[in-house]
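J.: After the sequence you'll find the predicted model.
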Amino acid sequence: MRCPACGSGTSSASSRCPRCDAPLGGGDPWTRPDDADAGNPLSGDTPTATTPFPPGPPPSDPDPPQARATWSPLPTPPSETTFVSPAPWDEPQVQEQPPRERRRRALPYVLLVAACAVLAAVAAVVLRSGGDDADTAAPPGGGSPYASDPAAPGAEPDATSSRNRNKAIAEAGAIDKLLEQMADTRADLGDAVTDGCPKSALQRILAQRQDQLRQADALAVDALDQGEELKDALVRALRASVESNQRYVDAAPGCPSESAVADVNDRASEAKAEFIRYWRPIAEREGMDPRSADTI
C-alpha cells in the first residue's frame, strides 16, 4: 500500500509508514490514537493523563523507501521538417520554347518567303535564257526588226543574233542621221518661204535635197526587217521633195503658187508617211526619234 502522507510504498501489514511514521489506517497522520481519548475542553470533561509510549526501534521495512518521484517534462517531440521547394533563382535557367500557337502563326510567313525566293530564282533563269530572244522580238505591227543572216547558216544562234543586232544598229543609225538632215532642210525651206523665196536660199535647199537623195540610194538595210520597203519609201519621198524644190527655184525670185507644187507635195507626203510606218518600230526599239511625216 502507499502512505497517504508521503506517498511512499509500504507493506499492508504495517500500521504506520516506516518513512514518515504516519498511521496507515486512514486517520489524521499527525494524531496518535491516544489523543482520541483526550477530553474535549468544551464538554467539561477533564482529560486524563496519558503515558507516552517509549520510542521503540524503527520497524523494518520490507520494501526499501523509494525516492519521491520528481516531475520531468515530457521529451520534446522531434521537430517536423518542412520541405520547401527551391527558389526559382536556384534552379538552372531553361530556355523557354516558343508557344505552339506562335510557331503555327509564323509558319505561313515562312512559307510565303520561301515561295517568293523560289519564284525570284525561276524568273531570273527565265529572263537570262530569254534575253537574247527578246532582243530579236518582233515590234508591234510587224515581224522582227532585224533580218536573219543568210550568209552564216551554220553559225551559232547567239553569235548570229549578236552580229545581226550590231549591224542593224549601225544601219538604223545611218538612217536616223539622214532624217536629221532632212528635218533641218525642211526648216530652211520654211524660212525661205517666209523671206519671199529668195533664189539663192532655194538653190542651197535644192542642193541639200539632192545630196540627201544620193545618201538614201546608198543606204544598207539588209539587217533590218522590211528594210527594202523602208528604203524605197524614203527614196520616193526625197525624189518628190527634190522635184518640189526645183519648182521653187524655177519660180524664184518669189514663191510658186500652191497648185504649181501640189501634186509633188502630195506624193512626197504619202511616201514619207509610208516610210514612218516602217521606221517607227525600229526607232523605238533602238531609242531613236520615231519622228513624223511632216517633220522630214
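T.: Right, received. Where do you want to start?

J.: Would you map the helices across this protein?
T.: Counting by DSSP state H, one finds helices in the chain at the ranges 100-135, 157-194, 199-217, 227-251, 258-286.

J.: Pick the most buried one from those helices.
T.: Of all these, helix 227-251 carries the top mean neighbour count, a mean of 20, counting by mean count of other C-beta atoms under 10 Å. Just so you know, the C-beta spots here come from the backbone N, C-alpha and C atoms, and that holds for glycine as well.

J.: which residues are contacting that one?
T.: Counting by C-beta atoms under 8 Å, 6 or more residues apart in numbering, the neighbours of helix 227-251 from elsewhere in the structure are 147, 171, 175, 178, 182, 189, 192, 197, 199, 202-203, 205-206, 209-210, 212-213, 216-217, 219, 221, 224, 255-256, 260-261, 264-265, 267-268, 271-272, 274-275, 278-279, 282, 296.

J.: Please work out the average pLDDT along that helix.
T.: Summarised as a single mean, pLDDT over helix 227-251 is 97.

J.: what angle do it and helix 157-194 make?
T.: Between helix 227-251 and helix 157-194, the angle formed by their directions is 10 degrees, by axes from the mean of the first three to the mean of the last three C-alpha atoms, to 10 degrees.

J.: Using the record's domain definitions, break the chain down for me.
T.: As given by automatic domain parsing, the domain ranges for the chain are 1-34, 163-295.

J.: So Glu171 sits against Val221, correct?
T.: Yes: here Glu171 lies in contact with Val221, judged by C-beta atoms under 8 Å, at a distance of 5.7 Å.

J.: rewinding a little: make a markdown table out of the helices of the chain and add distance to Leu24.
T.: Compiled in a markdown table, these are given as follows (distance: least, C-beta to C-beta, whole Å):
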| stretch | distance to Leu24 |
| --- | --- |
| helix 100-135 | 90 |
| helix 157-194 | 142 |
| helix 199-217 | 167 |
| helix 227-251 | 159 |
| helix 258-286 | 147 |
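
J.: Among those, which one carries the weakest average confidence?
T.: Ranked by mean pLDDT, the helices of the chain bottom out at helix 100-135, with a mean of 67.

J.: if we can go back for a sec, out of the domains of the chain, which gets nearest to Cys116?
T.: Each of these was scored for nearness to Cys116 using C-beta to C-beta, and the closest is domain 163-295 (32.1 Å).

J.: The closest one: end-to-end distance?
T.: This stretch, domain 163-295, spans 32 Å end to end (C-alpha to C-alpha, to the nearest Å).

J.: same deal with stretch 253-264?
T.: When the termini of stretch 253-264 are compared using C-alpha to C-alpha, they are 20 Å apart.

J.: Spit out the contact partners of Asp195.
T.: Counting by C-beta under 8 Å, 6+ apart, the residues that Asp195 touches are Ala201.

J.: For Leu202, see how far away it is.
T.: Computed with C-beta to C-beta, to the nearest Å, the distance linking Asp195 and Leu202 is 10 Å.

J.: Out of the domains of the chain, which is closest to Tyr109?
T.: Proximity to Tyr109 (C-beta to C-beta) singles out domain 163-295 among those, at 42.0 Å.

J.: Roughly how far does the closest residue to Glu284 other than its chain neighbours sit from Phe275?
T.: Sequence neighbours aside, Pro290 is the residue nearest to Glu284 in space, at 5.8 Å (criterion: C-beta to C-beta, 6 or more residues apart in numbering). Distance of Pro290 to Phe275, computed by C-beta to C-beta: 11 Å.

J.: One more: Val113?
T.: As defined by C-beta to C-beta, Val113 lies at a distance of 53 Å from Phe275.

J.: do the same with Cys20
T.: 159 Å.

J.: repeat for Thr160
T.: Spatial separation of Thr160 from Phe275 under the definition C-beta to C-beta is 28 Å.

J.: out of the domains of the chain, which comes closest to Ala120?
T.: The nearest among the domains of the chain, by C-beta to C-beta, is domain 163-295 at 27.6 Å.

J.: in terms of contact, does Pro253 touch Cys197 like I think?
T.: Yes: with the criterion set as C-beta under 8 Å, Pro253 and Cys197 qualify as a contacting pair; they are 6.6 Å apart.

J.: Compare neighbour counts for the two and give me the winner.
T.: Just comparing Pro253 and Cys197: by other C-beta atoms under 10 Å the higher neighbour count belongs to Cys197, 18 against 10.

J.: Could I get the contacting residues of the nearest residue to that one once chain neighbours are set aside?
T.: In space, and not counting its chain neighbours, Cys197 is closest to Cys255: 3.9 Å by C-beta to C-beta, 6+ apart. Contact analysis of Cys255 by C-beta under 8 Å, 6+ apart lists Val193, Gly196, Cys197, Tyr248.
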